[in-house]
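Chemist: sharing a model that was predicted from the sequence below.
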Amino acid sequence: MKRLINIVIVLFAWPVWALDTTEEYSHGLSDFEAYSFKNSTENAITLVAGYGHSNWVNPSLVVHNHAETSLGNFSHVYSNIVDIDLLAATSLNSEANHFSLGTEVTYPSVKFNPYLKGTLDFEGEEQLGTGVMGLSWNANSHIEMLTEISFDLSRGKRQHVAVGLNFKQSQSIELISEVGHSYEDEGAFASLGLIWTRN
């Protein structure tokens, strides 16, 4: 099960690498992200490149520790009282077949934005369901604070609790930070990320 959780980290940039909600890519090759993650047993680097095509087609390539790669797609399927996004991802160079489906539901407002995330992950006959509850707060046009808790729905256990501080330096550059506690590893973790978008 713990190996499958690590696979989920590679397939999706959320919720482990940095505390943030999903956002649509601008048209073309317009999104580049880099994350550094550290806990008591692991130091990891993850790189993401995203291509914006339409609301339904926004592929991304994820490289984890210069070895494991995955291909994903982000779809913005509904926007009204709530925003609903769908995500799908598959590992490209692993021995077993790994596939994940995810969704994010956000209630957008000026200051406070509660959100729910869920993923269902498959590796052979093994499955893992993960749920996340979070809240983001826009302190001003440059600073966003977030807090969230995640659950292993397959076993009915908590996975992690975390807080984050994101700083939007400009329309193109955003710094992402997170600290938290993992119940799976019984220890602390931290991550730092940089997002560059072409508007």
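Modeler: Yep, it's here.

Chemist: list the neighbouring strands of the helix or strand harbouring residue 100 plus their orientation.
Modeler: Here residue 100 sits within strand 98-106, counting by DSSP states H and E. Note on strand 98-106: by DSSP bridges, its sheet partners are strand 83-91 (antiparallel), strand 112-123 (antiparallel).

Chemist: mind putting those strands into TSV with mean pLDDT?
Modeler: Listed next are the strands paired with strand 98-106 as TSV, based on pLDDT from 0 to 100:
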stretch	mean pLDDT
strand 83-91	91
strand 112-123	90
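
Chemist: could those be laid out in CSV, adding mean neighbour count and distance to residue 65?
Modeler: (Each C-beta comes from the backbone N, C-alpha and C, glycine too.) Below are these laid out as CSV (neighbours: other C-beta atoms under 10 Å; distance: least, C-beta to C-beta, whole Å):
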stretch, mean neighbour count, distance to residue 65
strand 83-91, 19, 13
strand 112-123, 18, 18
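
Chemist: okay if I get those strands as TSV plus distance to residue 149?
Modeler: Listed next are these as TSV, based on distance: least, C-beta to C-beta, whole Å:
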stretch	distance to residue 149
strand 83-91	20
strand 112-123	11
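
Chemist: I'd like to know which of those strands lies nearest to residue 48.
Modeler: strand 83-91 (11.2 Å; C-beta to C-beta).

Chemist: touching the host helix or strand of residue 61 from outside, list them.
Modeler: Per DSSP H and E, residue 61 falls inside strand 59-64. Outside of strand 59-64, the residues within contact range by C-beta atoms under 8 Å, 6 or more residues apart in numbering are 9-11, 13, 25, 31, 44-51, 53, 69-74, 89.

Chemist: tell me which of the residues you listed fall in strands.
Modeler: 31, 44-51, 69-74, 89 (DSSP state E).

Chemist: which among these count as buried?
Modeler: Taking 16 or more other C-beta atoms under 10 Å as the criterion, what is buried in these is 31, 44, 46, 47, 48, 50, 51, 70, 72, 73, 74, 89.

Chemist: the one helix or strand residue 151 maps to - contacts with which helices or strands?
Modeler: Assessed by DSSP H and E, residue 151 sits inside strand 143-152. Judged by 3 or more C-beta pairs under 8 Å, 6 or more residues apart in numbering; DSSP states H and E, strand 143-152 is in contact with strand 126-138, strand 157-168.
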